[in-house]
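Q: take a look and give me a structure for this.
(one chain, ligands or ions: 1)
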Amino acid sequence: MTRYFAILPAIFIVAIASSSSHSSEAAPEYVVQDGQVDKATFNGYRRFHGTCHACHGQDALGGSFAPSLVESLKTMDYEAFKQTVLEGRQVTDASGAVNAMPSFGNDKNITKHLDDIYRYLAARSDGVLDPGRPPKLPKPK
Ligand code: HEC
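A: Numbering: from 1, shown residues only. The predicted model follows:
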């Protein structure tokens with residue numbers, strides 16, 4: 001009984017520390033004006049269609065291999081998104097078939113651009129960006 005009470009405060013402190021470090025990391029933001037996107041969001045569009053679209057479909061609408069990320073990001077937060085892409089995920093269904101999201105944690109072409117990919121997908125998921133190659137906003141003068 002006494003041991004239980006001694007351990008409790010330690011657990012409590014760890015929980016506070018980890019929750020505050022999460023909330024301090026804000027999700028990257030996109031800029032979309034009249035269907036035109038900022039440089040970062042455009043980069044995300046390009047990177048998504050360089051790698052992720054093979055499974056997640058053109059315009060992130062989903063494919064026969066993987067779910068629509070336009071749908072996923074309606075409920076998935078930035079932390080969960082990042083963790084899934086960096087670590088991957090393997091799901092085995094009842095019949096033993098494996099459905100796998102690869103881990104991109106060692107792929108610099110993705111890790112360097114993960115925030116931009118998130119920006120693009122968030123804009124698609126929020127319904128502010130149409131399918132297709134988005135025009136870029138004019139460069140600031
Ligand atoms: C080889 C195919 C493949 C590629 C390439 C791929 N994914 Fe996935 N991804 C999957 C599969 C399959 C799942 C679903 C796993 C499951 O059943 O939970 C998934 C799941 C996800 C999820 C979680 C969706 C959810 O609703 O839980 C995210 C986020 C995601 N992928 C992002 C990406 C991004 C970003 C890229 C490009 C860097 C990418 N994926 C490339 C196959 C792929």
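
Q: give me the buried positions along stretch 77-91.
A: Residues of stretch 77-91 classed as buried by neighbour count (16 or more other Cβ atoms under 10 Å): 78, 81, 82, 85. The C-beta positions use only the backbone N, C-alpha and C, and glycine is treated the same way.

Q: surely the second one is in a helix?
A: Yes: Residue 81 forms part of a helix when assessed by DSSP: H, G, I helix; E, B strand; the rest coil.

Q: where exactly do the helices run in this protein?
A: 2-23, 39-47, 53-56, 69-75, 78-87, 108-111, 114-125 (DSSP state H).

Q: need the least confident one among the ones you listed, by mean pLDDT.
A: When the helices of the chain are ranked by mean pLDDT, helix 2-23 comes last with a mean of 49.

Q: which bits of the chain sit near the ligand?
A: When proximity is defined by Cβ under 6 Å from any ligand atom, the chain lies next to the ligand at 51-52, 54-56, 65-67, 69, 72, 76, 81, 84-85, 89, 91, 99-102, 104, 110, 117.

Q: which of those residues are buried, as a PyMOL select command?
A: Applying 16+ other Cβ under 10 Å to the residues of the chain next to the ligand leaves a buried subset, and the PyMOL line that selects it is:
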select buried, resi 51+52+55+56+66+67+69+72+81+85+101+104+110+117
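
Q: what about residue 140, neighbour count?
A: 5 (other Cβ atoms under 10 Å).

Q: go on, residue 57?
A: 18.

Q: mind checking pLDDT for it?
A: pLDDT for residue 57: 97.

Q: same deal with residue 1?
A: Model confidence at residue 1 (pLDDT) stands at 52.

Q: please name the nearest non-neighbouring residue to residue 33.
A: The shortest distance from residue 33 to any non-neighbouring residue, by Cβ to Cβ, 6 or more residues apart in numbering, is to residue 137 (6.1 Å).

Q: quick check: that neighbour touching residue 36?
A: Yes: Residue 137 lies in contact with residue 36 (Cβ atoms under 8 Å); the separation is 4.4 Å.
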